[in-house]
Structure formats: structure tokens, C-alpha cells
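*Asks:* Here is the input, now give the coordinates:
(2 chains)
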Amino acid sequence: MSLTIGRRDALLFFSALGVVGLGAVAACRREGTEPPDRGKILADLSAVVIVPAYAAAAADAEALDAATVALRDAPSAEALGAARAAWKKARYSWKTTDAFLFGPADDLALTGGIIDTAADIAKVEALAAASTPLEAQEIARLGANQRGFGALETLLFDPARDDAAMLASFQAEGGCRGVLAALVAADLRAKIDVVLAAWREPPTDHGAELSRAGRGSAVYTSERQGVDAVVNALINAAEILIAVRLAKPLGLDKTPSVAVPELIESPRSDASVDDLLAVLDGIEMVYFGRRGDASGLPLSDAVAERSPSADARMRSDLEKAKEGVRAIPGPLRTAVVERRDPVVAAHAAVREVKRCLATEVAGALGTSVGFNVTDGD
Amino acid sequence: MAAATSSSSPPILDGAAAWAERVQARALAPVDAASLGAFRFLLGALVVAAVVRHWAKGGIYDAFVVPTHFFAYEGLELVRPLPGQGMYVVYAALALAAASLAAGFRTRASAAVACLLFTYAHACDKSNYLNHYHLVSLLLALAAVLPLGAALSLDRARAGAAATVPAWVLWLVRFQIGLVYFYGGVGKLQTDWLLRAMPLQIWLAANGDFPLLGGVLRWPETAYVMSWLGAAFDLSVAFLLTARRTRPFAYACVVGFHVVTARLFQIGMFPWVMIALTLVFFDPSWPRRVLPERWIGPRDAPARRAASRRPLALALAWAAFHVLFPLRSHLYPGDVLWTEDGYRFSWRVMLIEKAGSAELTATDPRTGASREVRARAFLTPFQVKMMSTQPDMIRAFARMIADDAEQRGEPRPRVTADVVVTLNGRPPARLIDPTVDLAAEPIRLGGTPWVLPSPR
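*Replies:* Predicted coordinates:
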């Protein structure tokens, strides 16, 4: 039997197939609200949350830089207090960005490498006690554990010394501590500026790339890739809170469970609980698509559209986690040793956030679709 | 044979015997090997392309260099990636073997080497399992034993033999590819796919950026229509490709289907593999319309030797095995989409959207003291994601934790897992009995009793 189907027949066949398919969709279509546009969610997330958060972190780092310069030039109790307040503000701003640690901050290896590494206190104190101040160009040669927020915290805070003793160390002859603090702050500011620039300026302009996910972005060739990056960053942030920031200092990862307060973040400034809250704030900002008074189309709408129960649980879990962390009494370094129960409860509450993100939110948004990380070759 | 039985057998047996005789005669009759030559070339070329792409995207590094632990297949615990840069050598050798296969140089040996290397690379870690890797392994295995170098090959050019093969060779290759579609369709005959349009509802909602149709794809109703059309496509396309009159439409559907799925989902080379390899369903001589005769070889030259029945019998055994093996999940208790017992190697394609959170606890049996185990301390993020929803991988991870403790001189701990999983948009449910010491659980062929009932 010969093949007798021509182009016209084929065209008719596929036209009919298309009409039947679209007709079936139209016939089944119920009136209702349109599902949220995930492209707009990503664009708003970039414009309302991520880029402004990095801009705020950069602005706060600039203020910190100025405060440490003032402290170096004219050490006083007021200047020390102002520098400490600036450090805490800049620290909080930066920690909120842990919730969206993807793209440049991750690619540039700045966060883990320089901006936010735990300090080697002995080395930093040795630098501060040197007889001659460090030169500006020497800062780049220091290890990550002598730079960034950790080093600056070491220089500005010390629970073992009272304020007068700390001030005296800044007023000491040679002024090494003040010079070092100013240099580290300037270096920190420069690093955060690089991350901000990578998010909002060419050539990377990562914020624009995320906004154009699936609509011309070279980084995110589909909306789904953009949503995957956002959701995976949220899960990762929650995972680090549980496993690193809480479980390790509590000693939950060892038998017997003995607290290891040296492993908490921001130990000398007693900002550890604020660090935890900042990350949860960051997660909340991303999920609800709002930062301060500004708000956009939120990720929560896309979750609620697929699974109202998942959205309700995420809201509830986030609230409980923040309550749990706020309920930690006093500095975390003492709470993990002396009053473990509230810390363990906070750990459990944050774990629910991670669990909800990894299961219900990820499941509702379909972030696990795809063969594997390298696209299935 | 028919003549011998005709005097004493019932007519129905006579008819069956005559039919079998006719089928056998057709199976052994020579057919043009041109399309199989093109198939072999495309298979080899696609493997080369996949190796280059995988290498360029850092896939070798991510899959073999970064991980410190690997999920072995049961019984293949000794199969491990080569240390250091060894896997780059394996992939380079794979590319060479596949290129040699494409050229038809030492065709069977090249295919055998490519099959061994490809299968080895993908047997190192269960996390990387993909249905189409399995398909490529099977097709390379077939290329190692079937005369796929009979046309369009350097081997044929050197030997000067006829570019023909027994028809059953062509049938077997078509069968192997058709089976993927058919069982893919059979897997879709279940309530989640047909009555809840899951997981397509979830996946299509994530594709609002699809050109022109993005808005429509987000509608739940679209997922229903596409679910039913997808099931109908999978179930019927192998048959429609086989029938001459429907073949052009069916192939156009194959192209359309795979181009759309390639755009919708991150499924790498799979769509292009299927678009290329389903060309084997066309008339065996189709390459002669586009390629010079001297490249392909003459189809009218006498065959070097008469076709034998023994390979045909082996081909039937191969086919029977591959019809039955994917059905083994029906021998296990429970819901295969939940337990995943018998899920792999059964052509269940894109049927589940699972997301999970697995928290494992190691308990010192002497003191009863427990510690949380951070999966990321052992596994890559991708391995964690895979492990968190697949019971056999969770059990394997529990054993890794226990082995690690023993290697550090600690007593072998009890390892339990609190695993919560969402399946196809359902509320999360606990996957595993959290009281069971998974590190002490043996591999079971009769199902996994510590997997809790499916929420479906």
C-alpha cells in the first residue's frame, strides 16, 4: 500500500488535533482567578526584596566603615558605642541575605570566604596588639578568619573586658586596634559592594537576570529555574540554621550531647539570637515578597494557589520559629549551656520551617522536577 | 513442521504452526540494513554529544569528584568511581568508543566497550539513575551483539558485504524503543495521572514563561487534557509508528511531543535521543534517499551466510525478559509510586513529584544517647534530594552512617529516620517507620515492611 498522505492532509490533521486539544481545555475551563504569574513573582522578588536588601547591607556597611574611621581617629566611649551599634545593624542587614544566598554572593564565594567567616580570635588580637599598624594593602593578604564581620566583632566587642578596657585598647599608643578595625571595615564594605554590584549592575546584573527568568535571561532559562534557585536557597538557609547555628552549639550532633558554645555565631557581641532572627526575617521577606513597606507579588501566592494548606502551614511555622528564637533567654552562648530547653525548642521550631519548605512548599511549586542537576545527560 | 503435524493435530494448532512458520520466514528474510546503520550512527553520535555536554557542564566533576559517598546498586557494591581524575578518562574512552560505533569501525567491539563504560559510569551511584540511561545501555548492548554495522559503516566498506540484515534485527531494535513508550503509557494508567492530572498540574504551573501558551499551561484544565493526551500518545505511538500509513503522523507527534517536553522540563538529551532513534521505525531504506549508495552499501548483493534460527530464539528470550521485568513491581506489596520497589528499570517516566525532608538519628546502643546526623556532611545537595524520598537510598544512607561510626572506632549505632514526603501535591506524610533501625535492615526482595502505607 503506498503512502498517500500529503502535506495538506497532515496540516489538516494537526490543525484538527490542536483545535481538539484547545477546545477540550476551553470546554473544561472554569471561571476563576488566574494563577499567579511566577515571572512577576521573581521580578518583584528581585526588585522589592533581594536587590534592596543588598543595597541596605551595603549602606549599613558604609555606615560601619564611617563609624570605625571615627573610632580610629577619635576614640571615645561614644565612638565605640556608635561603632558597635553600626556593626550590629550592618550584621543584621547582611544576615537577612542568607535567605537568598544564590547567584553572585554564592558564585563569588564572598560570603563564606571573607564577609562572614568565624574569626580566629587569637590571630585578630595578635594583629591588634602589633607594634606597627597594618598597611591598607596588607589586608588582602589576611586569611578569611581575620577579615569580615567576625574579625570586626573581635575588635569591637569582648565580653571579658569592660567598656573602659576596650576603649583603652583603642586609645593605646600606635592605635593598631583602631587602624585594623577601620581597614577591616573598609574591606568588608568593599566586598559587600561587589556583591551588590553583581546583583544590580552589568556585566552580571543578576537581579535583572532573575527578573527575566524564562524571558530572555541567560542565567535562568526558565521561570522554573529561577523559582528553584529561590526555594533551594530558602531550604538551605533553614538547614544551616538548624544544623550549624543551633544543633552544633547545642551538641545535638554528638553523643553525648555536650554544648559547644564556641560554635555559636557572633559570640562576643551577643548578637547570635539576632543573627538567627535576621535569617528568619530574610526567609519571611522572600516568602511574602515584601521588605519594609514595599511589597510585590509574593511566592506565597503561588504556593497557596497550588496548596492552601501548605501556605497556611508555612505562615504558622515561620511565626512559631520566630517566637521560639525570641524566647531564647539571654545570650545564646550561655543559653546553650545553662538553659538548653528553650534553645532545643527553637531548634525544633526552625526545623519545622525547613521541613515545610523542603516538602510542602517545594512539592507545591514543583521544584524537584527535572532529571538531575546536570539536566539528565 | 506444519506438514508433519497436519495429519494428527487439531486445525487450530495447524493454523498456529503455519502462522509461526510464516512469521519465522519473515523474521529471517533479509531487509535493508540502511536504517539500522543510520540508527547506529545516531546512537553513537548522541552518546558522544552527551559526553561532551556532560563534561562541559561539569557533570563529571559533580557526579564523581565532589561526592565522598555513593549509593551502590544492590549487588554492585564494588562498583565505585575511579579515584581522582579517573572518571574523566572513562568518559574520554566512552566518547572514543561511541565515535567508533557511530563510524561503524569494529562495530560490535566498539559498542561493547561503550556499553560497559556507559553502564559502569551510571552504575556507580543510584542517585544518577535515569530511565533513558537505562535505555541507552540496553541499545548499546544490542549494538554489541546485533549486526548493526551491516550498512553505513567502515566495517561493511572493508568487507564489501551486502547491506542487509535478517528482519528480526530491525524488529528487535524497534521493539526495544517501542517498549519505552508503551510502558510509559501503562504507568500513566493510574488515578493520579488520569483523575488528578498529577504531577502535570504542578509542573505545568511552573511553565508560565512558555512561548504563547504560558498562560494556558498554568490552568489546571490544561494539565488534565495533556495528561490524557500524553497517556494516549505513549500507549499508541509505537503501534502508529509501526503502521506505514500512520507513521508520518506518528513521527510528527513524536517530534512535537518531545520538543514540547524538552522546553517544559529539564530532561536534557532525552527528547533528542528519542526523536533521533525513532527514525528506525521508518522504511528500512529511508537513508538511501538522503545518502549516497556507496556509503550505505548495496542491498541486493548476496548475503554472506544464511540467517540462523538460534539468534532469533535469543532475541525472543530478550524480548520476553524485557516485557516481564518492568512488571515486577506488581509482585511487591504497596504503592510503587510511594515505596519505589521495582520502580527503576520499569519505564515509569515522569509520574511522581516527590519532595522530602529526611532527618536521621544515630543512637549509641550502649548508652542510648542520640545524635542528629546532618546529611550534607556525607552527601551532595543532589544526593540529599534524591535520598530524601527514596526508601532504599534512605536505608543505604543509614548504613553509611553506621559504617562511618564503626570506622571511627565507635560502636555501630542504631540509625532511625524521620522522613516526611509529599507525593503529587498531597499533604506530607511520614514515609518510614521512625522506630526501625535502618542500619540493621537487610536488603529485601519481597518489599520493604518499614515503609509506611502510601497516602494515595
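*Asks:* Give me the neighbour count for B:Pro411.
*Replies:* Residues within reach of B:Pro411, counting by other Cβ atoms under 10 Å in any protein chain shown, total 12. Any C-beta I mention is one placed from the backbone N, CA and C, and that applies to glycine too.
*Asks:* Residue in the stretch 201-350 of chain A with the shortest distance to chain B?
*Replies:* The stretch 201-350 of chain A approaches chain B most closely through A:Gly214 (2.9 Å), counting by Cβ to the nearest Cβ.
*Asks:* how close does that residue get to B:Ser9?
*Replies:* A:Gly214 sits 66 Å away from B:Ser9, going by Cβ to Cβ, to the nearest Å.
*Asks:* same thing with B:Pro284?
*Replies:* According to Cβ to Cβ, B:Pro284 and B:Ser9 sit 35 Å apart.
*Asks:* Repeat that for A:Gly207.
*Replies:* For A:Gly207, the distance to B:Ser9 - Cβ to Cβ - is 80 Å.
*Asks:* out of those two, which sits in the more crowded spot?
*Replies:* Neighbour count, other Cβ under 10 Å: between A:Gly207 and B:Ser9, A:Gly207 has more, with 23 against 14.
*Asks:* That one against A:Trp199, yeah?
*Replies:* Yes: look at A:Gly207 against A:Trp199 with Cβ atoms under 8 Å: they come within range, at 4.7 Å.
*Asks:* Give the residues shared as contacts by the two.
*Replies:* Both A:Gly207 and A:Trp199 are contacted by A:Ile50, A:Val51, under the criterion Cβ atoms under 8 Å, 6 or more residues apart in numbering or on different chains.
*Asks:* pLDDT score for the residue most central in space within chain B?
*Replies:* Central residue of chain B (Cα atoms, centre = their mean): B:Asn131, 2.7 Å from the mean position. On the pLDDT scale, B:Asn131 is placed at 91.
*Asks:* can you pull the contacts of the residue nearest to it when sequence neighbours are not counted?
*Replies:* Setting aside the residues directly before and after it, B:Asn131 is nearest to B:Val349 in space (Cβ to Cβ, 6 or more residues apart in numbering or on different chains), at 5.5 Å. Contacts of B:Val349 were listed using Cβ under 8 Å, 6+ apart, and they are B:Asn131, B:Val180, B:Gly184, B:Gly187.
*Asks:* Tell me who's in contact with the nearest residue to the second one once chain neighbours are set aside.
*Replies:* Yep, that's B:Val180 we're talking about. Nearest non-adjacent residue to B:Val180, counting by Cβ to Cβ, 6+ apart: B:Trp347, 5.3 Å away. By Cβ under 8 Å, 6+ apart, the contact list for B:Trp347 reads B:Asn131, B:Leu179, B:Val180, B:Tyr183, B:Gly184, B:Gly187, B:Pro326.
*Asks:* re the thing from before, any idea what the residue nearest to B:Asn131 is structurally, helix, strand or coil?
*Replies:* Of the three states, B:Val349 takes coil under DSSP: H, G, I helix; E, B strand; the rest coil.
*Asks:* Distance of the residue nearest to B:Val180 relative to chain A?
*Replies:* Using Cβ to the nearest Cβ, to the nearest Å, B:Trp347 is found at 15 Å from chain A.
*Asks:* Would you mind listing where the chain has pLDDT under the threshold?
*Replies:* Just so you know, I chose chain A. Filtered on pLDDT under 70, chain A yields the residue ranges A:1-15, A:17-22, A:24-33, A:105-113, A:368-377.
*Asks:* not quite, I wanted chain B
*Replies:* Within chain B, the set of residues satisfying pLDDT under 70 comprises B:1-8, B:301-307.
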